[in-house]
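Asks: Return atomic coordinates for the entry below.
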Amino acid sequence: MATNAMYELAFQFGATKLWAELSDGELFAVRHTDGAIGYCCVMGNQGEHIALADYVGEAAFQSYLRLAHATDTQSVTPELIWAQDCLQCSFEDAEDVSDGERQEAAKYAEKHGIRLRRRKAIPQFLRYRPFCQPWRVEDKLDRVRICEALAAAKVLSELLKTHDKETLRIVHLDDGPERIPLFGVKNGKMTMGSVELPAMTPPEYPAPALRNDVTAERLRRGRRVGAMECDVFLYPEPQEDEEGGAPRFPFLLLCVLQDEQEILNLPPVTDYETSAEDLVNYFAEAMAKDGRTPKEIQVRDARTAALLRELCEKAEIPMRRVEALSLLDDLEDRMLSELLDEDELPRPQEDQDAYERRMLQELGSAFDGMSGGLGAFPFGDVPTEE
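Replies: A predicted model of the protein is given here:
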């Protein structure tokens, strides 16, 4: 799965113990031979997750900045973690990698006289794509890029033996550096300059159109009922990819009528960026079929607001941003506890992969059964507010 060059550079990086010198907020960059710039961070300063991550391009680097900012403000969510877009070489315990990875690393180590420690000894190469399960590095270009990032990290470790961080422009992200070190290859040799560090920018969310104007007219004419809470929700268990690629985390549009305490039952989508329009049209068609229209839609974040903005305009439904959606908070908690009980163990004769597949099938069956209109709160009574 990994090339000899990847293993060679990974073991060389491991020997530098660069994570003892740098924190994960002290960054450097690499100009890859294909022209792209990778923004790199070294993890492991606290001795837990030892890795080098390469965020290729400014869009990918934004996923690092948002996670770093959330860490500072103690607002890290599973969604921010799964939004990461990077290449990563980490060092794992033998029991935490696949049999193939373990055997491959052991074979390389034996051939080259490398003694594998008992802990954090096996290089693992993963590609993180937004809202996908981390997956093996398969693309040829990705393999080249991770090698170039590892080579740059090795050069940086040598420079730190004779230069202080300030001289090398190594400044912690919290201290607001304007530029960071930039490594590149020219005429077969590693060079060093600097590059401007991109600032964090607000995320851009899909704002799809409502496909059917007739449906919008039916919503305008529908019987007005109470306010409806709406939220785009990432379900934290991936669904298998039919083509054998990285499993994806499904997205749901959760909607609850407050006064009636009814949920609008809609199917999930597996790729929010390309299928957000489907969620809007599922919503519109289900509400038009029901014949009722909420007098107001309440959302708590910019993503859900962007998703429903045009629908609300065409259907003349006011939208309001609120800080909390109490009914949906309870619904999301109940969904996770009922559909994926963390205390449930795999059945006899069932391995963990089969268990996860079964739980995902149960999730899909639950929503298939609910799909198509408004119904009772699915996991017990909604608690009455005092």
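Asks: N4: how many residues sit nearby?
Replies: 10 (other Cβ atoms under 10 Å). Where you see a C-beta, it was placed from the backbone N, CA and C, and this is true even at glycine.
Asks: Please disregard the earlier target; I meant Y205.
Replies: Neighbours of Y205 under the rule other Cβ under 10 Å: 18.
Asks: Next one: M192 relative to E158, how far apart?
Replies: Distance, M192 to E158, by Cβ to Cβ, to the nearest Å: 11 Å.
Asks: Can you show me the CA trace of stretch 239-258 as CSV?
Replies: Extracted in CSV, the C-alpha atoms of stretch 239-258 (Å, rounded to 0.1, in the frame of the first residue of the first chain):
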residue,chain,number,x,y,z
GLN,A,239,-21.7,4.7,5.3
GLU,A,240,-19.8,2.4,3.0
ASP,A,241,-18.9,3.7,-0.5
GLU,A,242,-20.5,1.5,-3.2
GLU,A,243,-17.3,1.9,-5.4
GLY,A,244,-15.0,0.8,-2.6
GLY,A,245,-13.7,4.2,-1.7
ALA,A,246,-13.6,6.0,1.7
PRO,A,247,-16.9,5.6,3.6
ARG,A,248,-18.8,8.9,4.0
PHE,A,249,-20.6,10.4,6.9
PRO,A,250,-24.3,11.0,6.1
PHE,A,251,-26.1,14.3,6.6
LEU,A,252,-29.7,14.7,7.7
LEU,A,253,-32.0,17.7,7.7
LEU,A,254,-33.8,17.4,11.1
CYS,A,255,-37.0,19.3,11.5
VAL,A,256,-39.5,19.4,14.4
LEU,A,257,-42.7,21.4,14.7
GLN,A,258,-42.6,22.9,18.2
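Asks: Neighbour count for M192 and E158, which is higher?
Replies: Higher neighbour count among M192 and E158: M192, with 15 against 11, using other Cβ under 10 Å.
Asks: can I see the domain layout of this protein?
Replies: According to automatic domain parsing, the chain is divided into the following domains: 4-196, 213-376.
Asks: Any idea which of those gets closest to P206?
Replies: Minimum separation from P206 across these (Cβ to Cβ) falls at domain 213-376, 3.8 Å.
Asks: quick one on the thing from earlier: with distance to P202 and mean pLDDT added, can I get the domains of the chain in a markdown table?
Replies: Formatted as a markdown table, those follow (distance: least, Cβ to Cβ, whole Å; pLDDT from 0 to 100):
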| stretch | distance to P202 | mean pLDDT |
| --- | --- | --- |
| domain 4-196 | 9 | 93 |
| domain 213-376 | 8 | 81 |
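Asks: residues in contact with C147?
Replies: Shown in contact with C147 (Cβ atoms under 8 Å, 6 or more residues apart in numbering): 3, 5-6, 9.
Asks: about what we covered before: using JSON lines, lay out the domains of the chain together with distance to A207.
Replies: Listed next are those as JSON lines, based on distance: least, Cβ to Cβ, whole Å:
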{"stretch": "domain 4-196", "distance to A207": "18"}
{"stretch": "domain 213-376", "distance to A207": "4"}
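Asks: which other residues reach stretch 99-108?
Replies: In contact with stretch 99-108 (Cβ under 8 Å, 6+ apart) are residues 1-2, 4, 7, 94, 97, 114, 116, 121-124.
Asks: now do 6 Å
Replies: 7, 94, 122-124 (Cβ atoms under 6 Å, 6 or more residues apart in numbering).
Asks: what do you get for stretch 67-76?
Replies: Contacts of stretch 67-76 (Cβ under 6 Å, 6+ apart): L80.
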